[in-house]
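**Q** any chance you could fold what I've pasted below:
(chains A and B)
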2 protein chains.
Amino acid sequence: MSETEERTGALRARYGAGDAAALDIAWNGVVAGLLAHRTVRAFRPDPLPAGTIETLVAAAQSAPSSSNLQTWSVVAVEDPAAKRRLSEVARGQRHVVEAPVVLVWLADLARLETLGRDRGRPTAGLDYLETLIVGVVDAALAAQNATVALESLGLGSVYIGALRNDPEAVAELLGLPPNVLAVFGHCIGYPDPERPAAVKPRLGQGVVLHRGRYDPTLATAAIAAYDAAMTEFQAGQRMPEVGWTQAALERVRGPESLSGRDRLRAILERRGFGLK
Amino acid sequence: MSETEERTGALRARYGAGDAAALDIAWNGVVAGLLAHRTVRAFRPDPLPAGTIETLVAAAQSAPSSSNLQTWSVVAVEDPAAKRRLSEVARGQRHVVEAPVVLVWLADLARLETLGRDRGRPTAGLDYLETLIVGVVDAALAAQNATVALESLGLGSVYIGALRNDPEAVAELLGLPPNVLAVFGHCIGYPDPERPAAVKPRLGQGVVLHRGRYDPTLATAAIAAYDAAMTEFQAGQRMPEVGWTQAALERVRGPESLSGRDRLRAILERRGFGLK
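**A** Down below sits the predicted model:
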């Protein structure tokens, strides 16, 4: 396959059958790897090779960190009973049990709090919504570098935002102190070739990329094309063929559609976050 | 240079002169690229090649998105006057003006809000802190994929969290509607070889990686070793040689050390975010 064919195929998988395939993007092995990302929820039982977790953490720590505060930590969960408990929090998602390793990425303001207490220095700046966001961003940047690294090693993964359904249960299971939030879990393992994952199409670039100023006009035609691409994807995955708009709007309908996460602010306040 | 020497050198740059260099991590071109990340703040004036922004956005859109809601957007800023204004918000950081392109990564809940209004569907689920976090995580994952892609193309970058110093000024400049937050900026260009950047050391893996359960004990020896590594790094960069602990604690001292970001919650509420 020529490089042009490879690039066109990758763009078509990512954006559906529209004219995105003609985008004149730069191409190399890294870009090809990024565009080939797919969410893996079906794992072989094989363990990860020795050194894998250390590799992913080294990659994660190489991501940028806001003011180098490094307000994140990660817990590597391999114990089957602990994975079962995490799976329960995530409403029974089977891959949380099946994956040999679940990393839990934490926004961790406790480390600086402890350090300040030990040194007799104030850390009142931790008590602001801003600092929670610093921790959440730090954790996400780190996790994404781990995802890029693990895919380069032939592994696959899926993030589990559903750990936020019940942050207190996760905190109890993992012994998290106050001022630490499990932002999301991360199931990692070898993809099961019997149950292959597909590249999921995304909204057209014109919908998310704005030039110079934000354009608030909804690109109705682009959304319709994307709904068609998602319906085709759902058909191929034997999922309900509802497109994107309907599924996304259902997901943000109201507090009752948030799987308990409408309680997140109250829980964070109980767990020590100031959120001022 | 042998692969072993390359790996040892990369680990030494990332973790300082301690025993981290002996970590038995997996190694390939992608992992090597991730570990070689450095923050670039000195750019050549050269423009980016045609297609670069589209490449970075395709990489960004290939990152995972929570429930595929795609609650992010990005504004590409190239106009010199607009970059100057962003630089002012960031307390005069020169690289914001010097970089040929500044991407501004947005947590964007407005798209789903508009879609719901157009379809006559409720979107009350957007009014929760949870949904802001979804948007912030989505934007960060996307941005980090863009960073990995741009570094593979020989470009360099730095994130600008200081756009949160004054989200209202950024919103006015970029025409952001309510329910959209500029999470951070992202200066991108060719690194100036006359002012090279260095790999910044990070905390030892033992400080951030927990096995099975979170260990709240502060690894005092590891922190001291890291302070020494950072002091050496600062000396090499002709920065004040204060180590890490002192700088980090200074940064979170109190509201007065947050550069205005202690107002973030009030600003978000004014800008339409429910934060329930």
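**Q** what's the longest strand in chain A?
**A** Secondary structure of chain A per DSSP state E: the longest strand is strand A:180-189.
**Q** can you tell me if that strand touches chain B.
**A** Yes. Using Cβ under 8 Å from any Cβ of the partner chain, we find that strand A:180-189 touches chain B at A:V180, A:V183, A:F184. All C-beta atoms are positioned from the backbone trio N, CA, C, and that covers glycine.
**Q** domain parsing for chain A?
**A** A:1-36, A:52-196, A:201-260 (automatic domain parsing).
**Q** return the distance of stretch A:195-205 from the chain's centre.
**A** 15 Å (Cα atoms, centre = their mean, to the nearest Å).
**Q** which parts of chain A are helices?
**A** Secondary structure of chain A by DSSP state H: the helices cover A:3-15, A:29-35, A:52-61, A:80-89, A:95-98, A:110-119, A:129-152, A:167-174, A:205-208, A:220-236, A:245-251, A:264-270.
**Q** where among the domains of chain A is average confidence lowest?
**A** Here those differ in mean pLDDT, and the lowest is domain A:1-36 at a mean of 92.
**Q** run the chain-centre distance for that domain.
**A** Worked out by Cα atoms, centre = their mean, domain A:1-36 lies 22 Å from the chain centre.
**Q** in that domain, which residues are buried?
**A** Of the residues in domain A:1-36, A:7-8, A:10-16, A:18, A:20-21, A:23, A:25-27, A:30-31, A:33-35 count as buried by neighbour count, 16 or more other Cβ atoms under 10 Å in any protein chain shown.
**Q** repeat for stretch A:231-241
**A** For stretch A:231-241, by 16+ other Cβ under 10 Å, it's A:T231, A:F233, A:Q234.
**Q** over to stretch A:114-134?
**A** So stretch A:114-134, judged by 16+ other Cβ under 10 Å, has buried residues A:114-116, A:121, A:123-134.
**Q** residue closest to the middle of chain A?
**A** A:Y159 (4.2 Å; Cα atoms, centre = their mean).
**Q** and the residue sitting furthest away from the middle of chain A, what is it in contact with?
**A** Distance from the C-alpha centroid of chain A peaks at A:G120, with 36.4 Å (Cα atoms, centre = their mean). By Cβ atoms under 8 Å, 6 or more residues apart in numbering or on different chains, A:G120 lies in contact with nothing.
**Q** where does it fall, phi/psi-wise?
**A** phi 70, psi 30 (degrees, to the nearest 10).
**Q** and it, how far from B:L218?
**A** 14 Å (Cβ to Cβ, to the nearest Å).
**Q** got it, and A:T217?
**A** Distance from A:T217 to B:L218, by Cβ to Cβ: 51 Å.
**Q** for A:L11, same thing?
**A** 48 Å.
**Q** so how far is stretch A:207-224 from its chain's centroid?
**A** That offset, for stretch A:207-224, works out to 24 Å (Cα atoms, centre = their mean).
**Q** can you check stretch A:41-50 too?
**A** The answer for stretch A:41-50 is 19 Å, by Cα atoms, centre = their mean.
**Q** same deal with stretch A:244-256?
**A** Per Cα atoms, centre = their mean, the centroid offset for stretch A:244-256 relative to its chain is 19 Å.
**Q** what's the answer for stretch A:104-124, then?
**A** Taking mean C-alpha positions (Cα atoms, centre = their mean), stretch A:104-124 and its chain are 25 Å apart.
**Q** ok, stretch A:216-230 next?
**A** With Cα atoms, centre = their mean, you get 24 Å for stretch A:216-230.
**Q** close to chain B, is it?
**A** Yes. Stretch A:216-230 lies within reach of chain B by Cβ under 8 Å from any Cβ, at A:P216, A:L218, A:I223.
**Q** can you pull the buried residues of that stretch?
**A** Those would be A:A219, A:A222, A:I223, A:A225, A:Y226, A:D227, A:A228, A:A229, A:M230, for stretch A:216-230 by 16+ other Cβ under 10 Å.
**Q** chain B: which of those residues is nearest?
**A** A:I223 (7.2 Å; Cβ to the nearest Cβ).
**Q** thought the closest one was touching B:L115?
**A** Yes. A:I223 sits in contact with B:L115 when judged by Cβ atoms under 8 Å, with a separation of 7.2 Å.
**Q** list the residues that contact both of those two?
**A** A:T245.
**Q** the residue lying closest to A:S157 once chain neighbours are set aside bridge partners, please.
**A** Among residues not flanking A:S157 along the chain, A:I188 sits closest, at 4.7 Å (Cβ to Cβ, 6 or more residues apart in numbering or on different chains). Beta bridges link A:I188 to A:V101, A:S157 when assigned by DSSP bridges.
**Q** show me what contacts A:I188?
**A** A:L48, A:L56, A:A99, A:P100, A:V101, A:V102, A:L103, A:L150, A:L155, A:G156, A:S157.
**Q** try 7 Å this time
**A** Neighbouring residues of A:I188 by Cβ atoms under 7 Å, 6 or more residues apart in numbering or on different chains: A:L48, A:A99, A:V101, A:L103, A:L150, A:L155, A:S157.
**Q** got a winner among those residues for most neighbours?
**A** Most neighbours among these, by other Cβ atoms under 10 Å in any protein chain shown: A:A99, with 31 neighbours.
**Q** how close does it sit to A:T39?
**A** A:A99 is 12 Å from A:T39, by Cβ to Cβ.
**Q** likewise A:L132?
**A** Relative to A:T39, and taking Cβ to Cβ, A:L132 is found at 26 Å.
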